[in-house]
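Visitor: turn this into a model:
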Amino acid sequence: MSRKAGIIITLFLAFLVIGSLAYRYSDFLEGLVSEEKNEEKEIELYSLVNATEHGIVNTEFRGMGLCSADSILMKIKSEVEYEIEIEIEPGWVLINSGSGQNMITVGGLTITVEPEIEKNVKIEAYCLDIDLDNPSFEETLSLQTNLGAYGSEAVELMAFVSNTPKTKLQWRSVQIALWVLLDDVSTYDLMIEYSDYHIQNAKWLLEKIKVDTSEKRIFRQTSYPNESPLKLTQYTCFETHIIGEVENVGNDECSAYGVYAWLYDDDGWIRWEIEDEGCTRLTIPPGEKSPFHIDGSYRSFTNGRAHEVRLWSYSGSTFAHYQMFEVSNVSVEEEDATLYIRGEVKNVGNENVVTTKVVVSIYDEKGNLVGCSQSKVLFFDSGETFPFEMTSLLTGTFDHWIIYVDAWYW
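Guide: Residues are numbered from 1 along each chain as shown. Below is the predicted model of the structure:
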């Protein structure tokens, strides 16, 4: 190779090395610039109140015809040329421009607002005025920090709710707790559908924020002795099931009644209410019994979990009790801890009945209930015979059974 050619090759290689180094240095500079830009673009966080007061966002609040939970529609638009985050805090009051209820926010929500883009967001808020109508869509509300006559305990309640997992709470319990705080309501004042466990959980909420609930009217109402003619005589938990028996210790037939269970979490909050699966009799005459079966499998109930079996009943009924039936050809077969009961039932009376229910209670030799089941017959005319088949889980060794047949007619 000539000396001239060697020089050319050396220069070419040097050019390649210098070019590569320059390219890498350019990437390095671009990386620095990119990091600086990312630092410049860090999103600023504002509370909803501050952002509204300083003109950073423009907001409008409207009712949705609801008094609780996701009940307020907020329209929000940024007035700045960069992306921001808005935090909705607990305890801000929304004053109604019309005749409807004022509301209070739960908070715990942060939303991102982009420049010049209008956004609609549902806000969780609760009613402050039980005697007024729910905020309608025609009514706007204005945001204010002054609690007025509502008091700081309402803010404490909303703050506690905002920090509690949503899967744990029920909006009815939150609303009842707020009304108890503000107006010491009774059950007769409540304007929403509720169950006893909603009231019990409202009490739990108030006690968590150190409110003395002993003199609150609604809790004194629900703590009165149960005057039901029903008495819980026995029950057992087996895997995910609660099986038991109730007795009518009163002097009249009991037709309007029910059996249910409260399931508690580790904090004492009633997480679920589960009703009987349908194994109860249509009517329990005085001195007689009825089985019940509560299936807790779909609510993750297992034996050992904190629970409470409860009864309810109302006096009076528009139905007449009918028991003119004859049961025959009964056979039982046990397989894999399951009992199969088959037989026939005949209407030996003079009435044509609409709904007839066949219920079986299964016992061990000591009289402990170890299973129960039911079957229904619709439009059962006088003189007719129908076959029935029932299947029951067994929680022990069965020894004997009792079959009840009850019907209603007008």
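Visitor: for Ser78, list the residues it contacts.
Guide: 56-57, 84, 113-117 (CB atoms under 8 Å, 6 or more residues apart in numbering). For every residue, glycine as well, the C-beta is placed using N, CA and C.
Visitor: for it, which non-adjacent residue is spatially closest?
Guide: With sequence-adjacent residues excluded and distances taken as CB to CB, 6 or more residues apart in numbering, Ser78 is closest to Val113, at 4.5 Å.
Visitor: which of the contacts of Ser78 count as buried?
Guide: 56-57, 84, 113 (16 or more other CB atoms under 10 Å).
Visitor: so for the residue nearest to Ser78, what's the pLDDT?
Guide: Val113 is assigned a predicted lDDT (pLDDT) of 94.
Visitor: isn't it right next to Glu83, touching?
Guide: Yes - counting by CB atoms under 8 Å, Glu83 is a contact partner of Val113 at 7.2 Å.
Visitor: what residue ranges in the stretch 301-410 of the chain score low on pLDDT?
Guide: Low-confidence segments of the stretch 301-410 of the chain (pLDDT under 70): 315-319, 410.
Visitor: for the residue nearest the centre of the chain, give its distance to Arg271.
Guide: For the chain, the residue nearest the mean C-alpha position is Gln170 (5.0 Å; CA atoms, centre = their mean). Note on Gln170: its distance to Arg271, by CB to CB, to the nearest Å, is 9 Å.
Visitor: cool, Ile176 as well?
Guide: Distance from Ile176 to Arg271, by CB to CB: 17 Å.
Visitor: please name the residues that touch Asn50.
Guide: Ile56.
Visitor: sec struct for it, please.
Guide: helix (DSSP: H, G, I helix; E, B strand; the rest coil).
Visitor: re the thing from before, for the contacts of Ser78, give me JSON lines that also has distance to Asp133 and secondary structure.
Guide: Converted to JSON lines, those look like this (distance: CB to CB, whole Å; DSSP: H, G, I helix; E, B strand; the rest coil):
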{"residue": "Ile56", "distance to Asp133": "33", "secondary structure": "coil"}
{"residue": "Val57", "distance to Asp133": "29", "secondary structure": "strand"}
{"residue": "Ile84", "distance to Asp133": "35", "secondary structure": "strand"}
{"residue": "Val113", "distance to Asp133": "31", "secondary structure": "strand"}
{"residue": "Glu114", "distance to Asp133": "35", "secondary structure": "coil"}
{"residue": "Pro115", "distance to Asp133": "38", "secondary structure": "strand"}
{"residue": "Glu116", "distance to Asp133": "36", "secondary structure": "coil"}
{"residue": "Ile117", "distance to Asp133": "33", "secondary structure": "coil"}
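Visitor: identify, from these, the entry nearest to Arg281.
Guide: Minimum distance to Arg281 across these is 59.7 Å, recorded for Val113 (CB to CB).
Visitor: now do the contacts for that closest one.
Guide: Per CB under 8 Å, 6+ apart, neighbours of Val113: 57, 76-78, 83-86, 119.
Visitor: the same query, at a cut-off of 6 Å, please.
Guide: Applying CB atoms under 6 Å, 6 or more residues apart in numbering to Val113 gives the contacts 78, 84, 86.
Visitor: show me the shaky parts of the chain.
Guide: Along the chain, segments meeting pLDDT under 70 span 1-41, 167, 222-227, 315-319, 410.
Visitor: so which bits of stretch 77-90 are buried?
Guide: Going by 16+ other CB under 10 Å, stretch 77-90 has these buried residues: 78, 84, 86-90.
Visitor: just to revisit the earlier point, how close does the residue nearest to Ser78 get to Tyr404?
Guide: Taken as CB to CB, the span from Val113 to Tyr404 is 64 Å.
Visitor: greatest separation within the buried ones among the contacts of Ser78: which pair is it?
Guide: Largest separation among these by CB to CB: Ile56 and Val113, giving 9.0 Å.
Visitor: who has more neighbours, Ile176 and Arg271?
Guide: Ile176 (29 against 20; other CB atoms under 10 Å).
Visitor: doesn't Glu85 make contact with Leu45?
Guide: Yes - the criterion here is CB atoms under 6 Å, and Leu45 meets it with Glu85 at 4.6 Å.
Visitor: partner strands of the helix or strand hosting Glu87 and their direction?
Guide: Assigned by DSSP states H and E, Glu87 falls within strand 84-88. Here strand 84-88 has these sheet partners by DSSP bridges: strand 44-47 (parallel), strand 109-113 (antiparallel).
Visitor: could you list the buried residues of the last one?
Guide: Neighbour counts using 16+ other CB under 10 Å place 109, 113 of strand 109-113 among the buried residues.
Visitor: which residues in the stretch 101-250 of the chain form strands?
Guide: 103-105, 109-113, 118-127, 140-144, 230-238, 241-248 (DSSP state E, counting those that start in this stretch).
Visitor: possible to save those as JSON lines with distance to Asn96?
Guide: Putting the strands of the stretch 101-250 of the chain into JSON lines (distance: least, CB to CB, whole Å) gives the following:
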{"stretch": "strand 103-105", "distance to Asn96": "8"}
{"stretch": "strand 109-113", "distance to Asn96": "21"}
{"stretch": "strand 118-127", "distance to Asn96": "10"}
{"stretch": "strand 140-144", "distance to Asn96": "5"}
{"stretch": "strand 230-238", "distance to Asn96": "45"}
{"stretch": "strand 241-248", "distance to Asn96": "46"}
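Visitor: and those strands, which is most packed in?
Guide: Compared across the strands of the stretch 101-250 of the chain, strand 103-105 shows the largest average neighbour count, a mean of 26 (mean count of other CB atoms under 10 Å).
Visitor: contacts only, for Lys75.
Guide: Lys75 is in contact with 60, 120, counting by CB under 6 Å, 6+ apart.
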